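J.: sequence plus predicted model, see below.
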Amino acid sequence: MKRTVYFILTLLFVLGFGSTSAQTAALIPPQLAGIFEAPGFITSAGQTSDAAIVKVLVNTRLKLNFGYDIAAKPQAVSGAKTLVLVLGASNKGLGAAGLSIEQETERVKAVLALAKSEHMRIIAMHTGGTARRGESSNAIIALCVPHADVAIVVEGGNNDGFFTDLCAKEKVPLVMVPSIAEAGNVLKGLMAK
Amino acid sequence: MMKTKMHGERESTGNQHRWLGGFSKILLAIGLLFFVLSPSVFAADTIKPEVTARNGMVASAQPLASAAGLEILMAGGNAVDAAVASAFALGVVEPNATGLGGEGMMVIYLADKKVTTSIDYRSMAPLADMSKVKFPPDGHVSVAVPGTVAGLCLALEKYGTMSLAQVMAPAIRYARNGFIVSDTLASTIKDRFDPISKNDALLAILAPEGLPLEAGQIIRNPDLATTLEKIAAGGPDVFYKGEIADAIAEDMAKNGGYITKADLAAYTAIEREPVRGTYRGYEIISAPPPVGGLSVIEMLNILENFDLASEQPLSPRNVHLMAEAMKRGFADNSAFIGDPAYTKVPVAGLLDKEYARQRVKEIDPAKMTPAVKAGTPPEHPSTTHLSVVDKNGNMVALTQTISSFWGACVAVPGTGIILNNEMQNWSSKGPNSYAPGKRMRTTIAPTIIAQDGRPFVTMGTPGAGRIISTMVILAVNLLDYHMGVQEAIESPRFYARDTEKNLSIEARVPKETQDWLKSIGYSIKEYPDFDLFFGGAQAIVVDLETGIMHGGADPRRDGAVFGF
């Protein structure tokens, strides 16, 4: 009896683990799996504090050891092969960085131009909910997404279909994930082994 | 009543004709007329119910903190016992805003002696010379010597009836067993996650599995439970001279901070005489310098010269007059208020009714003043809140803070204590300029209001620069418009500073009012309907005829009122 219970528990664990991995794999567009290379660099587009959460996710949890600067200038990003742009305008973040939204937009444009000139691949991520996405956020998202190779969005941030419409229009693959943790798994799946 | 309003409106439109022109402006004037004559916009239901009780009541920014105070009242403790219990509990369950690493100020009314007093437990600059240091917004250098433990212990020792162990028991329980993360708390973690993620000890509390805690998850702080137990057993010396002082000093030394054991040992809470004024016959008793009660009274002194009750609470004229009063109060706050041990604060001058009348003469009822200068008061010889009332009529208004949410984003390893970032609050010059050992100015203003010598309101709010303006709005809502306490707390807020044209408002301020304010020079900065930017007020109002307590808590935060 005891042995049967152990067997069932082990089977459930294996199936559960296996199905989570399979779910993550199913989310990743096959043509993108494993094509993003290290070194990577994380910065925000709009000074959202979500960038710091992505940094912890990528570096502490997934041990990918990406560079990070929430307000990186182009020269800091130079040399990376993958750029992760965490999208979202935050008044608090802009205030803390001493930037206006116009200055931040110019910084993001410069980073995008550098990324393009160095043929970096770009992952656009949005991990905040729709409530954290105002007019300024939408503008900066619309600026970045057309340059991205893929957009990873936590479902709550696309309740209004904003990302669905934008990605369809710009022909950018959209990966919707249920949680920030799952966004990390997808990101790991995109990286070359 | 209606006749009075119509008369007020006719005067107002008469003024407008001088500067309004064109058809659209006439339409605006007609819109305003309809607005001022319409039934009160506040007659509607409140989001949270007003709570009533007879034997004791606690209103705080977090339900578990209110429950802690109620538990103490029901066990026979007085208002001071309950306030201290709630304050320690708030440090656990609202750790983004307050805690052992922070500071505060409380105003106490003792019913048997019929006296009010206040306890200043503002934080203090370290004794080392930091005059060449640029104070950052986070990290160890931004930390000032905390006052919370000294202040709460002094209040309990002098005016409480229970032991530290008794009143700290709920806080210890919450820290050890944990509690559910609210949307508000989760949001504050995300908002400052960048600096939070740089401090391993804080990250271990707020992101135990690597990612920030989300709403609905349980947050526990067992190290803080142990620290609280040590203080409960050994008193404040454990914190200021014993092993907790050792832990703080060691972490500071390792990370370039300035606080030493000598700084902690030198800290004392100070009992001060509250500042007092009157507003339409009511006595206003508030927290003295270096905090903001004086400015609340000064603004009310200015407003006393206008018949606010003759118009709707959010009528264009009333919002304009209140914004102009705020501008003058803030200008004087910046110019005159600082640590009284280091600067001579003209308390009596700023409270002078004639001085307020001089300031009133500067106000144009039909034009915004873009930049207000400090006045010349006559010479005379001189970020969470909770309110508690007990069955004997004792009252406490207590406001605590760690400055920014999550303070310095530094936790002291092994103690669970999150430290303040008060050192960012110095001014470059004037009465609030830095000096070693000095207490920096802040806007906190816990306040008690009395009628004929009988206190019946205890109120306060967090909200950084908005504290003073919100306190004035609360007083006017209660005393001029006779709103219920919950209604007064929920009514739309606005905020104007002396140095700018901006008028920050919640979006519920009627569009007609906003349009008129724009037309006289304000630049409107609109916030959502209920926004944390404007603070999270808590208040209790006692009906002096029936003795029934009415409590209100702010939906802008996780506020809760409990009574029995």
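T.: Noted; the coordinates are in hand. Numbers count the residues shown, from 1 in each chain, chains lettered A, B, ... in the order given.

J.: spatially central, which residue of chain A would that be?
T.: residue A:125 (2.8 Å; C-alpha atoms, centre = their mean).

J.: could you find the closest non-adjacent residue to residue A:116?
T.: residue A:147 (6.9 Å; C-beta to C-beta, 6 or more residues apart in numbering or on different chains). The way it works is simple: take the backbone N, C-alpha and C, and place the C-beta from them, glycine included.

J.: would you confirm that the one you found contacts residue A:114?
T.: No: at 11.4 Å, residue A:147 does not count as touching residue A:114 under the criterion of C-beta atoms under 8 Å.

J.: now the closest residue to residue A:90 other than its chain neighbours: how far from residue B:279?
T.: Closest residue to residue A:90 apart from its sequence neighbours, by C-beta to C-beta, 6+ apart: residue A:48 at 4.7 Å. As defined by C-beta to C-beta, to the nearest Å, residue A:48 lies at a distance of 43 Å from residue B:279.

J.: more neighbours, those two?
T.: residue A:48 (30 against 20; other C-beta atoms under 10 Å in any protein chain shown).

J.: ok, the residue lying closest to residue B:76 once chain neighbours are set aside - contacts?
T.: Counting by C-beta to C-beta, 6+ apart, the nearest residue to residue B:76 once its immediate chain neighbours are dropped is residue B:161, at 7.7 Å. Contact analysis of residue B:161 by C-beta atoms under 8 Å, 6 or more residues apart in numbering or on different chains lists B:76, B:77, B:78, B:80, B:81.

J.: give me the phi and psi angles of the residue nearest to residue A:116.
T.: phi -90, psi -10 (degrees, to the nearest 10).

J.: repeat for the one 4 residues further on
T.: For residue A:151, the backbone dihedrals (degrees, to the nearest 10) come out as phi -120, psi 130.

J.: now for the host helix or strand of residue B:327, which elements pack on it?
T.: Taking DSSP states H and E as the criterion, residue B:327 maps to helix B:316-336. For helix B:316-336, the elements it packs on are helix B:2-19, helix B:293-303, helix B:466-479, strand B:494-496, helix B:511-519, judged by 3 or more C-beta pairs under 8 Å, 6 or more residues apart in numbering or on different chains; DSSP states H and E.

J.: helix or strand next in line after it, which one?
T.: helix B:347-351.

J.: kindly export that following helix (C-alpha atoms) in CSV.
T.: Only the C-alpha atoms of helix B:347-351 are listed here, as CSV (Å, rounded to 0.1, in the frame of the first residue of the first chain):
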residue,chain,number,x,y,z
VAL,B,347,5.5,79.8,16.7
ALA,B,348,3.3,82.5,18.2
GLY,B,349,3.8,84.7,15.1
LEU,B,350,2.7,82.0,12.7
LEU,B,351,-0.3,81.3,14.9
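
J.: what sits up against the helix or strand that comes right after it?
T.: The element immediately downstream of helix B:347-351 (helix or strand, assigned by DSSP H and E) is helix B:353-361. Contact with helix B:353-361 is made by B:298, B:301, B:302, B:304, B:305, B:306, B:328, B:349, B:375, B:377, B:378, as judged by C-beta under 8 Å, 6+ apart.

J.: returning to what we had before: now do the buried residues in the helix holding residue B:327.
T.: B:316-336 (16 or more other C-beta atoms under 10 Å in any protein chain shown).

J.: what does stretch B:91-107 give?
T.: Quick answer for stretch B:91-107 (16+ other C-beta under 10 Å): B:91-107.

J.: pLDDT weak spots in chain A?
T.: Low-confidence segments of chain A (pLDDT under 70): A:1-22, A:130-132.

J.: near chain B, which residues of it show up?
T.: Contacts of chain A with chain B, taken as C-beta under 8 Å from any C-beta of the partner chain, map to A:49-53, A:55-57, A:60-61, A:70, A:90, A:92, A:96, A:128, A:180-181.

J.: mind listing what the residue in chain A positioned nearest to chain B touches?
T.: The minimum distance from chain A to chain B, using C-beta to the nearest C-beta, falls at residue A:52 (3.7 Å). Counting by C-beta under 8 Å, 6+ apart, residue A:52 touches A:70, B:193, B:194, B:196, B:197.

J.: what about 10 Å?
T.: A:42, A:44, A:68, A:70, A:86, A:93, B:190-198, B:212 (C-beta atoms under 10 Å, 6 or more residues apart in numbering or on different chains).

J.: residue B:258 too?
T.: The neighbours of residue B:258, taking C-beta under 10 Å, 6+ apart as the test, are B:125-130, B:133, B:140-141, B:143-145, B:252, B:423, B:436.

J.: before we move on, back to that, as a markdown table, the contacts of residue B:161 with neighbour count and pLDDT would be great.
T.: Below are those laid out as a markdown table (neighbours: other C-beta atoms under 10 Å in any protein chain shown; pLDDT from 0 to 100):
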| residue | neighbour count | pLDDT |
| --- | --- | --- |
| B:76 | 12 | 97 |
| B:77 | 24 | 98 |
| B:78 | 23 | 98 |
| B:80 | 29 | 98 |
| B:81 | 27 | 98 |
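
J.: go through the contacts of residue B:258 and flag which are in helices.
T.: If you go by DSSP state H, the contacts of residue B:258 have residue B:252 in helices.

J.: how about chain B: which residue is closest to chain A?
T.: Taking C-beta to the nearest C-beta, chain B has residue B:194 as its residue nearest chain A, at 3.7 Å.

J.: tell me which element that residue is part of?
T.: Assigned by DSSP H and E, residue B:194 falls in helix B:193-196.

J.: now the element after that helix, going C-ward?
T.: That would be, after helix B:193-196 and using DSSP H and E, helix B:200-206.

J.: so what touches that next one?
T.: For helix B:200-206, contacts defined as C-beta under 10 Å, 6+ apart pick out A:56, A:60, B:95-96, B:181, B:185-186, B:188-190, B:192-193, B:195-197, B:199, B:210, B:212-213, B:219-224, B:251, B:406-419.

J.: can you flag which of these belong to strands?
T.: In strands, judged by DSSP state E, the following of the contacts of helix B:200-206 are found: B:219, B:411, B:412, B:417, B:418.

J.: could you measure from the third one over to residue B:159?
T.: Read that as residue B:412. Where residue B:159 is concerned, residue B:412 sits at a distance of 29 Å (C-beta to C-beta).

J.: for the last one, same thing?
T.: Between residue B:418 and residue B:159 the distance is 27 Å, computed by C-beta to C-beta.

J.: neighbour count winner among the two?
T.: A direct count of neighbours by other C-beta under 10 Å for residue B:418 and residue B:159 places residue B:418 higher, at 29 against 22.

J.: circling back: tell me which of the contacts of residue B:258 is nearest to residue B:490?
T.: For these, the minimum distance to residue B:490 (C-beta to C-beta) is 33.7 Å, reached by residue B:144.

J.: stretch B:209-225: end-to-end distance?
T.: This stretch, stretch B:209-225, spans 20 Å end to end (C-alpha to C-alpha, to the nearest Å).

J.: quick one: check it for contact with chain A.
T.: Yes: applying C-beta under 10 Å from any C-beta of the partner chain, one finds stretch B:209-225 touching chain A at B:209, B:210, B:211, B:212, B:214.
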